[in-house]
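S.K.: Dropping a prediction and its sequence here:
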Amino acid sequence: MNTKYILGFVIVITLGVVYYNFNPEMYFFFPECPFHKFLDLDCPGCGSQRAIHAILNGQIMAALDYNLLLVMSIPLLLIHLFFRIYAHLSKKDVILNFWYNPVVPKIILIIVIVFWIIRNIPAYPFTYLAA
Amino acid sequence: MEEQPQGQAPFGQQPFGQSPFGNNPTPIPKNWLVESILVTLFCCLPFGIAGIVNAANVNSKYASGDYLGAQAASAAAGKWTKIGFFCGIGVMVIYVIFFVVLGMGGAMMGNYR
């Protein structure tokens, strides 16, 4: 169990260092999304690598431009991570009730689908969302 | 094998179908929502969407009292999330191998460029 956490920690740190130092737009060894490559459309995750590079370098506005959804979900994921660590350390089974509310997954699904559709509309206010 | 008297629960064992937490008969199964969101955002394949749909099913079925349905939806959510995760890893590995092979080829062919 502990080796799993250590391995995960090492992988996250390694990826963090790689994404901090290399801009995915300049180096071609970063994988490209197959959806984007073959259909030439943006999926909800397109732009994530560039957004992470931008965030790690402190350029929040650039990250927002690459992938708005990713930047918006980071506070939520950090809160979740905090609760998981707290549950692990205090040996209490803290379930974040938020994720188990019947409405929450539906709202998230609608946000993701709407984001997916409107970021592919090639008109002015929506082009900001494109990767 | 010990014979138990009829109509009497064995000592130290909960009667079938009941848990110590009276008002909550079965705990809600894992809904994989966070994992689905991560797959949607990072693995760049629409499998994460299937995971989120099944996560929604887990929560709504559990809320309506359909515990078996919630467990089935939980299994489906886990399946789609894992498929998305390993497809993402696979694409990444293939891409990196492709890059390494191309890079080696390029280094060997360097003089002919």
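M.R.: Yep, it's here. Residues are numbered from 1 along each chain as shown, chains lettered A, B, ... in the order given.
S.K.: any low-confidence regions in chain B?
M.R.: B:1-25, B:44, B:104-113 (pLDDT under 70).
S.K.: Grab the longest helix from it for me.
M.R.: Under DSSP state H, the helix in chain B containing the largest number of residues is helix B:67-108.
S.K.: can that one be found next to chain A?
M.R.: Yes. Interface with chain A: helix B:67-108 contributes B:91-92, B:95-96, B:99 (C-beta under 8 Å from any C-beta of the partner chain). C-beta: built from backbone N, CA, C; applies to glycine.
S.K.: Of those - the most surrounded one?
M.R.: Of all the residues of helix B:67-108 next to chain A, B:V91 has the most neighbours under the rule other C-beta atoms under 10 Å in any protein chain shown, reaching 18 neighbours.
S.K.: Provide a list of residues in contact with that residue.
M.R.: The contact partners of B:V91, by C-beta atoms under 8 Å, 6 or more residues apart in numbering or on different chains, come to A:31, A:34, B:43-45.
S.K.: Apply 10 Å and report the result again.
M.R.: A:31-34, A:37, B:43-45 (C-beta atoms under 10 Å, 6 or more residues apart in numbering or on different chains).
S.K.: Then B:A75?
M.R.: Here B:A75 is in contact with B:29-30, B:32, B:54, B:58 (criterion: C-beta under 10 Å, 6+ apart).
S.K.: picking that back up, out of the residues of helix B:67-108 next to chain A, which one sits closest to B:A73?
M.R.: B:A73 has its nearest neighbour among the residues of helix B:67-108 next to chain A in B:V91, at 26.8 Å by C-beta to C-beta.
S.K.: From the contacts of B:V91, keep the buried residues only.
M.R.: In the contacts of B:V91, burial by neighbour count holds for A:31, A:33-34, B:43-45, counting by 16 or more other C-beta atoms under 10 Å in any protein chain shown.
S.K.: mind listing which of the residues you listed are in helices?
M.R.: Counting by DSSP H, the buried ones among the contacts of B:V91 place A:P34 in helices.
S.K.: Make CSV out of the buried ones among the contacts of B:V91 and add distance to B:S74.
M.R.: Putting the buried ones among the contacts of B:V91 into CSV (distance: C-beta to C-beta, whole Å) gives the following:
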residue, distance to B:S74
A:P31, 30
A:C33, 28
A:P34, 28
B:C43, 20
B:C44, 24
B:L45, 21
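S.K.: Which members of the buried ones among the contacts of B:V91 are the farthest-apart pair?
M.R.: By the measure C-beta to C-beta, A:P31 and B:L45 form the most distant pair in those, at 11.4 Å.
S.K.: Which neighbours do those two have in common?
M.R.: B:88, B:91.
S.K.: Stretch B:91-108: which residues count as buried?
M.R.: B:91, B:95.
S.K.: Closest one of the buried ones among the contacts of B:V91 to A:M72?
M.R.: Nearest to A:M72 among the buried ones among the contacts of B:V91: B:C44, at 17.4 Å, using C-beta to C-beta.
S.K.: in chain A, which segments are predicted with low confidence?
M.R.: A:1, A:28, A:95, A:131.
S.K.: any idea which helix is longest in it?
M.R.: helix A:68-90.
S.K.: elements contacting that one?
M.R.: helix A:48-56, helix A:60-66, helix A:104-118, helix B:33-38 (3 or more C-beta pairs under 10 Å, 6 or more residues apart in numbering or on different chains; DSSP states H and E).
S.K.: Among those helices, which comes closest to B:T81?
M.R.: Using C-beta to C-beta, those put helix B:33-38 closest to B:T81, at 4.7 Å.
S.K.: For the closest one, which outside residues touch it?
M.R.: Identification of contacts with helix B:33-38 by C-beta under 10 Å, 6+ apart yields A:44-45, A:69, A:73, A:76-77, A:80-81, A:84, A:96, A:98-100, A:104-105, A:108-109, A:112, B:32, B:47-56, B:58-59, B:77-78, B:80-82, B:84-85, B:88.
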